[in-house]
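In: just a sequence and a predicted model for now, questions to come.
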Amino acid sequence: DGIRDRDVTGVQTCALPIWRWNNHIRNNYTLGAALELSIIPLLSLEAEVAQGRYYISYSGYGHNFTQYTYGGSAKFYLTRGIVQTYLGGGVLGLTYQNMTYGINSNSTFDRTVGAGQFLAGAEIALSNQVSLGVRGSYIAPLFNRVNAMNNGNYAYPSFEEYSAMDTAMYRLMGSLKISL
């Protein structure tokens, strides 16, 4: 039935649209997956990927865009047992696809921004192999940030789309963890 390793776990996550970004951006959906590798009982490394679809609107103009998230984090477990709590942090790449230069623009562009992530969460074991959890993340752009005022690319009015890519966000996700 394949190779099984007790230290490798698969985590599937689904972000709920309960998070703060800009008030003119709506989350249509976000789905993702993560792979967690236990290093020692209280420390694990996690690689994650996600895709989210959003709607941005301003001044009577609106359109959909996609955000791809990928990166890795270290998770430090504070408790082990039926209830497991953790804190962690890591680095993410955020690729924004189908952004526009404003209301009168017929062209779109893509942009990748590097971000730092602080996370905290809890999991409840339903069995030896399955856990349900919740996790909150604070994600802040750090690398390749857009500079809405000085780069010569204008989003109408007041650089809304560039501002969205340069704004920190909170993300709340539910998770289903399956240990292999």
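Out: Nice, thanks for sending it over.

In: list the buried residues for stretch 87-95?
Out: Gly88, Gly90, Leu92, Leu94 (16 or more other CB atoms under 10 Å). For every residue, glycine as well, the C-beta is placed using N, CA and C.

In: do stretch 162-172 as well
Out: Residues of stretch 162-172 classed as buried: Tyr162, Ala164, Met165, Met169, Arg171 (neighbour count, 16+ other CB under 10 Å).

In: over to stretch 117-134?
Out: Applying a neighbour-count criterion of 16+ other CB under 10 Å, the buried positions in stretch 117-134 are Gln117, Leu119, Ala120, Gly121, Ala122, Glu123, Ala125, Ser131, Gly133.

In: which of the buried residues of stretch 162-172 lies closest to Leu35?
Out: Arg171 (18.5 Å; CB to CB).

In: show me what contacts the residue positioned nearest the centre of the chain?
Out: The centroid of the chain falls nearest to Thr69 when counting by CA atoms, centre = their mean (5.4 Å). Neighbouring residues of Thr69 by CB atoms under 8 Å, 6 or more residues apart in numbering: Gly32, Glu48, Val49, Ala50, Gln51, Gly52, Leu92, Gly93, Leu94.

In: quick one: the fifth one from Ile139, how far?
Out: Read that as Gln51. Note on Gln51: its distance to Ile139, by CB to CB, to the nearest Å, is 15 Å.

In: more neighbours, these two?
Out: Just comparing Gln51 and Ile139: by other CB atoms under 10 Å the higher neighbour count belongs to Ile139, 21 against 16.

In: show the contacting residues for that one.
Out: Ile139 neighbours (CB under 8 Å, 6+ apart): Leu92, Leu94, Ala115, Gly116, Gln117, Ala168, Met169, Tyr170, Arg171.

In: ok, it to Leu37 distance?
Out: Distance from Ile139 to Leu37, by CB to CB: 22 Å.

In: nearest to Tyr58, of the contacts of Ile139?
Out: Of all the contacts of Ile139, Tyr58 sits closest to Met169, with 17.3 Å by CB to CB.

In: and Gln67, how many neighbours does it have?
Out: Gln67 has 23 neighbours, counted by other CB under 10 Å.

In: hmm, it is touching Tyr96, no?
Out: Yes - with contact defined as CB atoms under 8 Å, Gln67 and Tyr96 form a contacting pair (5.7 Å).
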